[in-house]
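In: pasting the structure only:
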């Protein structure tokens, strides 16, 4: 994608230790040249999509980018200021989304792969990373094929074919992954603010679809919308077997 014009760097920071490129650069010793950092946002929300960001960097030439943190640690204004800087800094970037309906139809893990495949395809329109660094401890981006009675959605057999390495808290420690989280967070938040215009009673412009008490109470009062994840526990009233459902706490 074409990089946006650079803007002023964020003026404020957090007390957290800044992520570095130290771990990313360790992949160069194995012969890798282009690494893509990957992270998701919206996995724990009650409404709206799950979104995946990918940011590709040249391991031989990439330099640090000041101000980047895990998106949850940054203010709204700092995240928005960083977006054009990250796009200019990276070799390529992409943000993919899987809708609430797709989450209901396929489950959260398959929906994450759908969103990740869409982000991957955006990056690969210009270049193809030869390794991926994924936040967490499970590779949902390109899981090993398994025999199944059901088809796993894969966007016409596209998707990540590069080796994927997972790392817990990579969004806190690895600059490429933190940058990916910022891009995904800003795009998804903007979508939720837009959705709030036609669904003002749920407060999505503030809660971004997450499981706040006021959001659950609004669902009790007004019922769910097509943008809600109908397969999840939505309102404040307990549902049968709620303990067996996917946790709604998360990024």
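Out: Yep, it's here. Model, not experiment: these values are computed from the prediction. Numbers count the residues shown, from 1 in each chain.

In: Only C-alpha atoms from now on, for both contacts and neighbour counts.
Out: Fine.

In: you'd agree residue 97 is in a strand?
Out: Yes - under DSSP: H, G, I helix; E, B strand; the rest coil, residue 97 falls within a strand.

In: Would you confirm that it contacts residue 52?
Out: Yes - applying C-alpha atoms under 8 Å, one finds residue 97 in contact with residue 52, separated by 6.4 Å.

In: Now list whatever residues contact both of these two.
Out: With contacts defined as C-alpha atoms under 8 Å, 6 or more residues apart in numbering, the residues shared by residue 97 and residue 52 are 115, 116, 119.

In: Is the first one in contact with residue 52, as I believe?
Out: In this case it means residue 115. Yes - using C-alpha under 8 Å, residue 115 is in contact with residue 52, at 5.7 Å.

In: who's more crowded, those two?
Out: Set residue 115 next to residue 52 and count neighbours by other C-alpha atoms under 10 Å: residue 52 wins out with 33 against 26.

In: Name the nearest residue to residue 101, sequence neighbours excluded.
Out: residue 229 (6.8 Å; C-alpha to C-alpha, 6 or more residues apart in numbering).

In: ok, the one you found - contacts?
Out: Taking C-alpha under 8 Å, 6+ apart, we find residue 229 in contact with 46, 47, 48, 100, 101, 103, 104.

In: ok, of those, which one's closest to residue 33?
Out: residue 103 (33.9 Å; C-alpha to C-alpha).

In: burial count for that closest one?
Out: A count of neighbours around residue 103, defined by other C-alpha under 10 Å, yields 24.

In: Beyond the strand or helix carrying it, next helix or strand please.
Out: In the assignment (DSSP states H and E), residue 103 maps to helix 100-106. On the C-terminal side of helix 100-106, the closest following helix or strand by DSSP H and E is helix 108-123.

In: can you give me how far that following helix is from the chain middle?
Out: Taking C-alpha atoms, centre = their mean, to the nearest Å, the mean C-alpha location of helix 108-123 is offset from the chain mean by 9 Å.

In: mind listing what's buried in it?
Out: Across helix 108-123, burial judged by 16 or more other C-alpha atoms under 10 Å covers 108, 110-123.

In: the inter-axis angle of the longest helix along the chain versus helix 108-123?
Out: Counting residues, the longest helix found in the chain (DSSP state H) is helix 175-198. Counting by axes from the mean of the first three to the mean of the last three C-alpha atoms, to 10 degrees, helix 175-198 lies at 110 degrees to helix 108-123.
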